[in-house]
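Visitor: sharing a model that was predicted from the sequence below.
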Amino acid sequence: MLIGHLRATSIFLAIMLETNQAWAVQAHGGSEGLVSHQIGHFLFITGMGYLLFRLRSMHQKGAGWLEFKTFVWLLIAWNVMTFSGHWMNEFVVNEKFVKDQARTLSFNIENLHDAIYYLTRLDHLILVPSFAFLLMALRKWRISQ
Amino acid sequence: MNVPWSLVVFVDILGSVLILLVSCWCAIHSWQLIKKKPDDVFRNYIFLFTLAILFFAVSRSFGHLVKQLLLLNDMATTWKQIAPFSGAINSTSFVVVFALSLSFGRFQKVHSEIEYYKDNLEEMITERTEELEKSKNTLENILNNSNPINITAINFDLLQANQAYYSLWPRDGGKSEVIKCYESRPGDYCHTNECPLKLIVEGSEEVVQEVSKNLQGDVRDFITTARPFRDVDGKLIGMVESFQDITLRKKAERALIKMDQMKSEFISTAAHELNTPLSTMMGYTEFLRTPDEFGGFTDKQKYDFLNEVYDNGEALSRIIVDLLDISRIESGKPIPMVLEEVDFMKVLRKKVKTYIENNSGHTFHLDLPGNPVQSEFKLDRHRINQALENLLSNAVKYSPDGKQIVITGKEDKDGWEVRIEDNGIGMNTDQLNRVFDKFYRADASNTATQGLGLGMSIVKQIIEAHGGNIRVESTEGKGTAVIFNLPYVTA
């Protein structure tokens, strides 16, 4: 069982470390390291998951809590999205990006993988609403309490 | 299919700007939220959480804006240099959010507890106060109903004591007045090396002493146990002393010692009492067995000797009967009584007559009613004779020759009262108080009057067995009067 785990971990690390340096789009390479950033995302998801679990077990109700829960759910979704985006980034070849000298003009979608990757680059479409829900929750708390 | 990358850039830039704005707005809201109730734990948590989210939003948005600006200006190399720092800050914000998320439960729990305590504080205080009051009352009850206890400070100040203590040694001054232990309960050990407090200060862990205290004229015996009294840091600040009243035990011990002495005296007396008639009997028997050795005896002399043997045998028999009676009384059995119609005046007259005839040394005066209404009633003839015999013999024994013994009998509607009065040596108060005690002899010295000290005790039992009562009046040096009543018992 332990050997199985070690093997899986080795494969994961090999994929992670075998990176295609697409610096035009990649934010978390270099000395920071993708693995450490992905661990950060994983912790973020875990933290949000725990928060949701606590909110459910405490049966937290009242003004603002629904908005806060939505905020947490959206943050989890955003984390999953960006986690996937960072990972997929490693496999996206430079040829997919149509460039004018150093500037990227377009992205060539040839399959589902490319399409998903493109969508993950639009992560703000989730993150902004998520923050909006946090704002709503805080407003409601401020008014009601 | 080629999709424009500019959309990604546009969404990235606009999203980052919006995130910056909204997160700042969130921070303002959370600040306003905390300002309403700064001591609210949960609001503090929300504020911290929002700050963490702000940290995440700012680090990410700045990173993305910088990235897009650099890339738009063909500065990919610069971004390559900056990217790790931006990413690292962003990753750090993730960890901060993670840590704060994990502490949500704890904050919420503390918040709930505080809210609960706030809402129920008054009730909880009331409940706790009641519990404490109850507990205090119980402790006080236990303390006040236990042996006398006091706490004495090292400087001999009486710090505290229970009710039992104050009931023995009342406070002269008010409650607030501090007095010294030796003022409160002066004793033999005060100001000596045996002072329990001194011994405790010198290192003793327990000082047990037996003391006698005079409490308003009443001498009481105590076992005192003193132990160190320390403060919370273990520093000796005085002693706790408890008093166990052993007065009754000591009394019992003293009575036991007295009983032991009386037993020894009784054995000695009984041996002497049995030996005297026995020796006399043996002497006369020896005369009769070998008359030739003594030059022979006349028939009259022999008859007198036999009478002497008989009389002494009778005396021995009386002693043994007394002992048997006492033995019965001791074992809780009643004296066996055979009641029959008896003319009491006749019995009394006959008994006195016997004494008049046999005791030439004393004069007897018998005063009886000339024409009694009721002289015959139910009595145990033998026992009444035994009682009269004991009383008359005592009157003879304890009054010098020549003195008069007055026997007065009178009747009333309930029965007869008899008074036997001598003009003898009399008794002091102590002797009078113990006159009916078994084995008690007023004078137990070797030169004292003969007797086992059982007579009066048996007389009392006989009179009481007839439903009567008996009392003794005596003045030392003047004489003694025994008065008893016998109620009419009819068939």
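Guide: Everything's here; your move. Computed from a predicted model, the values in this text were never measured in an experiment. Numbers count the residues shown, from 1 in each chain, chains lettered A, B, ... in the order given.
Visitor: what strand or helix carries residue 128?
Guide: Let's take chain A. Counting by DSSP states H and E, the element that carries residue A:128 is helix A:124-144.
Visitor: actually it's chain B I care about, not the one you picked
Guide: Short version, using DSSP H and E: residue B:128 is in helix B:104-144.
Visitor: can you name every helix or strand that that helix contacts?
Guide: Secondary-structure packing of helix B:104-144 (3 or more CB pairs under 8 Å, 6 or more residues apart in numbering or on different chains; DSSP states H and E): helix A:34-57, helix B:41-72. Yep, even glycine has a C-beta here, placed from its N, CA and C like the rest.
Visitor: ok, then the element right after the longest one?
Guide: Next along the chain after helix B:41-72, taking DSSP H and E as the criterion, comes helix B:76-102.
Visitor: chain center to that following helix, what's the gap?
Guide: Relative to the chain's own centre, helix B:76-102 is displaced by 81 Å; criterion: CA atoms, centre = their mean, to the nearest Å.
Visitor: make sure residue B:460 is actually in contact with residue B:436.
Guide: Yes. Using CB atoms under 8 Å, residue B:460 is in contact with residue B:436, at 4.9 Å.
Visitor: quick check: neighbours shared by these two?
Guide: residue B:470 (CB atoms under 8 Å, 6 or more residues apart in numbering or on different chains).
Visitor: between these two, who's got more neighbours?
Guide: Set side by side, residue B:460 and residue B:436 show more neighbours around residue B:460, with 21 against 16, by other CB atoms under 10 Å in any protein chain shown.
Visitor: list phi and psi for residue B:436.
Guide: Phi and psi for residue B:436, reported as degrees, to the nearest 10, are phi -100, psi 0.
Visitor: for it, which residues are in contact?
Guide: Contacts of residue B:436 (CB under 8 Å, 6+ apart): B:456, B:457, B:460, B:470, B:472.
Visitor: from residue B:62, how far out is the residue in chain B positioned nearest to chain A?
Guide: Closest to chain A within chain B is residue B:15: 2.4 Å, counting by CB to the nearest CB. Plainly put, residue B:15 is 13 Å away from residue B:62 if you go by CB to CB, to the nearest Å.
Visitor: more neighbours: those two, which one.
Guide: Set side by side, residue B:15 and residue B:62 show more neighbours around residue B:15, with 22 against 15, by other CB under 10 Å.
Visitor: got a pLDDT number for that one?
Guide: You'll see residue B:15 listed with a pLDDT of 94.
Visitor: how about JSON lines for the helices and strands packed on helix B:104-144, with mean pLDDT and distance to residue B:480 added?
Guide: JSON lines is the format used below for the helices and strands packed on helix B:104-144 (pLDDT from 0 to 100; distance: least, CB to CB, whole Å):
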{"stretch": "helix A:34-57", "mean pLDDT": "88", "distance to residue B:480": "100"}
{"stretch": "helix B:41-72", "mean pLDDT": "89", "distance to residue B:480": "96"}
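Visitor: just the ones you listed: most buried one?
Guide: Highest mean neighbour count of the helices and strands packed on helix B:104-144: helix B:41-72, a mean of 20 (counted as mean count of other CB atoms under 10 Å in any protein chain shown).
Visitor: what pairs with the longest strand that chain B contains, parallel or antiparallel?
Guide: For chain B, the longest strand by residue count, based on DSSP state E, is strand B:218-230. Counting by DSSP bridges, the strands paired with strand B:218-230 are strand B:207-215 (antiparallel), strand B:236-245 (antiparallel).
Visitor: where are the low-confidence patches of the chain?
Guide: The chain I'm using is chain A. A:1-33, A:145 (pLDDT under 70).
Visitor: right idea, wrong chain: chain B
Guide: B:173-176, B:359-360, B:441-451, B:490-491.
Visitor: can you tell me the residue of chain A closest to chain B?
Guide: Using CB to the nearest CB, the closest approach of chain A to chain B is made by residue A:124 at 2.4 Å.
Visitor: what sits against that residue?
Guide: B:11, B:12, B:14, B:15, B:16, B:18, B:19.
Visitor: next, the fourth one: secondary structure please.
Guide: Spelled out, that is residue B:15. helix (DSSP: H, G, I helix; E, B strand; the rest coil).
Visitor: any idea how far residue B:177 is from the closest residue to it other than its chain neighbours?
Guide: Residue nearest to residue B:15 in three dimensions, not counting chain neighbours: residue A:124, with 2.4 Å by CB to CB, 6 or more residues apart in numbering or on different chains. Distance, residue A:124 to residue B:177, by CB to CB: 84 Å.
Visitor: can you check residue B:224 too?
Guide: 24 Å.
Visitor: show me which of those two is the more surrounded one.
Guide: residue B:224 (20 against 9).
Visitor: ok, now which ones touch the closest residue to residue B:187 other than its chain neighbours?
Guide: Closest residue to residue B:187 apart from its sequence neighbours, by CB to CB, 6+ apart: residue B:211 at 5.5 Å. Neighbour list for residue B:211: B:187, B:188, B:189, B:221, B:222, B:223, B:224 [criterion: CB under 8 Å, 6+ apart].
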